[in-house]
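> what's the 3D shape of this:
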Amino acid sequence: MEIICNQNELNNAIQLVSKAVASRPTHPILANILLTADEGTNKISMTGFDLNLGIQTSFDGTVKNSGAITIPSKLLSEIVNKLPNETPVSLKVEENLDNILIKSDRGSFNLKGIPSDEYPNLPFVESGTSLNIDPSSFLKALKSTIFASSNDDSKQLLTGVNFTFKPNYLESASTDGHRLAVALSGNEEHINKTDNLTLNEGDLSVTIPTRSLREIEKLVSLRSSENSIKLFYDKGQVVFISYNQIITTRTLEGTYPNYSQLIPDTFSKILNFNTKQLIDALERIAVLADQQSSVVKIKLDNTELATISADAQDIGNANESIPVSYSGENFDIAFNVRYLLEGLKVISSDNVLLKCNLPTTPAVFVPENNLNSFTYLVMPVQVRS
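The predicted structure is shown next:
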């Protein structure tokens, strides 16, 4: 095999696929990137696959001889990254040998590869469900919920985001047991009419691991101007295909919790805040809240101002008043400030509604102008007065 290509294109491809190379491989070949070259099309293809997440990308080059080899990912990445930008790089593998010669105009490197026949095939979905998804709707659904997924591997199913593909919109949800984010994106008319978050027969519902979604997010971001990206699903495997890239990932198995049951039907207290003012105040108060328990208290006492405060024992305390629209009895409620900030930052409307009943029952944040598009439920923190 012999190829000549641009350093920049080769480097970009390596950086992309190396995200799917196992950091602690169970087999030596899984620490490698698969490189294949086709003389007929002058296409160079690279693949990383850790048996859960697979990324494949291709680009154009000059292919003098077709072939395939696997190359140690870390070494290849460091070598190519340090070669002069935009210069031609040649890569040659002698027939029946696993020695790889990498040459640039400055020098050469010899690496030992592993034959490609041992490399596992990326799982491709041959039957099952196929969908064309709108990149911008998918991106919005992903960004609105990914932050609330769990980091706890013992709650395997919660370490991903659940996507339900409906005929006219996409519903995404994630929870870590303390909070829940649900987003609807797609056809605005259908979102506004949506009251019941139920799964109809024929809707595709999949839970994709957060780690895979971080890479899928990059792929979809690059393609957000395109009309659609192909999605295939079958037997616990999801494949995203766009132009010259393929990402395949296992889904998280099991039935995702019925989260619509967690959202209260009615609320006795509804507070209307300016979103930016609330975020800014919380960020200032968080300086002290983060010194200890990350708890902030929101207090209402019959004025047009809400008091946000934090008390870090033996360190200090902070409080700030911001405008609020609320008519009701006095009360206070406390939250983890990080949970509030992460949820509020994905709300794009000027004003946000905080709906609650008691200081001990779930509270919900929704955008004022598009109530159905995003729901963020947070469990309050119980504070001894």
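
> Show me what Ala312 bridges to in the sheet.
Gly316 (DSSP bridges).

> what about it, neighbour count?
If you count neighbours by other Cβ atoms under 10 Å, Ala312 ends up with 17. (Glycine included, C-beta is placed from N, CA and C.)

> And for Phe240?
24.

> Could I get the phi/psi values of it?
Backbone geometry at Phe240, expressed as degrees, to the nearest 10, gives phi -110, psi 130.

> I figured it hits Leu219, correct?
Yes: at 6.4 Å, Phe240 counts as touching Leu219 under the criterion of Cβ atoms under 8 Å.

> overlap in contacts of those two?
Common contacts of Phe240 and Leu219 (Cβ atoms under 8 Å, 6 or more residues apart in numbering): 229, 247.

> name the element Ser172 belongs to?
When elements are assigned from DSSP states H and E, Ser172 belongs to strand 169-175.

> counting contacts, what elements does the following helix or strand past that strand pack onto?
The C-terminal neighbour of strand 169-175 among helices and strands, as given by DSSP H and E, is strand 179-186. For strand 179-186, the elements it packs on are helix 135-143, strand 169-175, helix 337-344, strand 374-378, judged by 3 or more Cβ pairs under 8 Å, 6 or more residues apart in numbering; DSSP states H and E.

> Keeping just the C-alphas, turn the second one into PDB.
What follows is the C-alpha trace of strand 169-175 in PDB, where atoms were taken according to Å, rounded to 0.1, in the frame of the first residue of the first chain:
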ATOM      1  CA  TYR A 169     -40.900  16.200  16.200                       C
ATOM      2  CA  LEU A 170     -38.100  14.700  18.300                       C
ATOM      3  CA  GLU A 171     -38.400  14.300  22.000                       C
ATOM      4  CA  SER A 172     -35.200  13.900  24.100                       C
ATOM      5  CA  ALA A 173     -34.900  13.300  27.800                       C
ATOM      6  CA  SER A 174     -32.200  12.700  30.400                       C
ATOM      7  CA  THR A 175     -32.100  12.300  34.200                       C
END
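
> so what strands line up beside the helix or strand hosting Phe335?
Taking DSSP H and E as the criterion, Phe335 maps to strand 331-336. The pairing partners recorded for strand 331-336 under DSSP bridges are strand 295-300 (antiparallel).

> how far out from the middle of the chain is the strand it pairs with?
Centroid displacement of strand 295-300 relative to its chain, using Cα atoms, centre = their mean, to the nearest Å, is 30 Å.

> all strands in the stretch 1-150 of the chain, in order from the N-terminus.
If DSSP state E, counting those that start in this stretch is used as the criterion, the strands of the stretch 1-150 of the chain fall at 2-6, 32-38, 43-49, 53-60, 62-65, 67-72, 88-93, 99-103, 108-112, 129-133.

> would you list the ones you listed in a markdown table and tack on mean pLDDT, distance to Glu368 and mean neighbour count?
Output for those, formatted as a markdown table (pLDDT from 0 to 100; distance: least, Cβ to Cβ, whole Å; neighbours: other Cβ atoms under 10 Å):
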| stretch | mean pLDDT | distance to Glu368 | mean neighbour count |
| --- | --- | --- | --- |
| strand 2-6 | 96 | 50 | 19 |
| strand 32-38 | 97 | 49 | 23 |
| strand 43-49 | 97 | 44 | 23 |
| strand 53-60 | 95 | 38 | 21 |
| strand 62-65 | 95 | 57 | 16 |
| strand 67-72 | 96 | 54 | 22 |
| strand 88-93 | 95 | 54 | 20 |
| strand 99-103 | 94 | 57 | 17 |
| strand 108-112 | 93 | 58 | 12 |
| strand 129-133 | 88 | 28 | 14 |
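
> Which one of those strands lies nearest to Leu371?
Leu371 lies closest, by Cβ to Cβ, to one member of the strands of the stretch 1-150 of the chain: strand 129-133, at 24.6 Å.

> And for that closest one, what's in contact with it?
165, 170, 204, 227-234.

> Over to Cys151. Which of the three states is it?
Quick fix: residue 151 reads Asn, not Cys. Three-state call for Asn151 (DSSP: H, G, I helix; E, B strand; the rest coil): coil.

> quick one, what contacts Pro72?
If a contact means Cβ under 8 Å, 6+ apart, then Pro72 has 31-32, 111-113 as its contacts.

> Between those residues, which sits nearest Ala281?
Out of these, the one with the shortest distance to Ala281 is Ala31. That distance is 48.2 Å, counting by Cβ to Cβ.

> count of neighbours near Glu329?
Per other Cβ under 10 Å, the neighbour tally for Glu329 reads 10.

> Please name the residues that touch it.
Neighbours of Glu329 in contact, by Cβ under 8 Å, 6+ apart: Asn302.

> Tell me how far it lies from Asn372.
Glu329 sits at a distance of 28 Å from Asn372 (criterion: Cβ to Cβ, to the nearest Å).

> Same check on Asn336?
To Asn372, Asn336 is 26 Å away according to Cβ to Cβ.

> For Trp384, give me the pLDDT.
Careful, residue 384 is Arg and not Trp. Arg384 carries a pLDDT score of 72 in this model.

> Show me how this structure divides into domains.
2-118, 129-261, 263-378 (automatic domain parsing).

> can I get the ones you listed in a markdown table with distance to Arg384?
Output for these, formatted as a markdown table (distance: least, Cβ to Cβ, whole Å):
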| stretch | distance to Arg384 |
| --- | --- |
| domain 2-118 | 43 |
| domain 129-261 | 19 |
| domain 263-378 | 10 |
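
> Those: lowest mean pLDDT?
For these, the bottom mean pLDDT is recorded on domain 129-261, which sits at a mean of 86.

> what about it, how long is it end to end?
This stretch, domain 129-261, spans 28 Å end to end (Cα to Cα, to the nearest Å).
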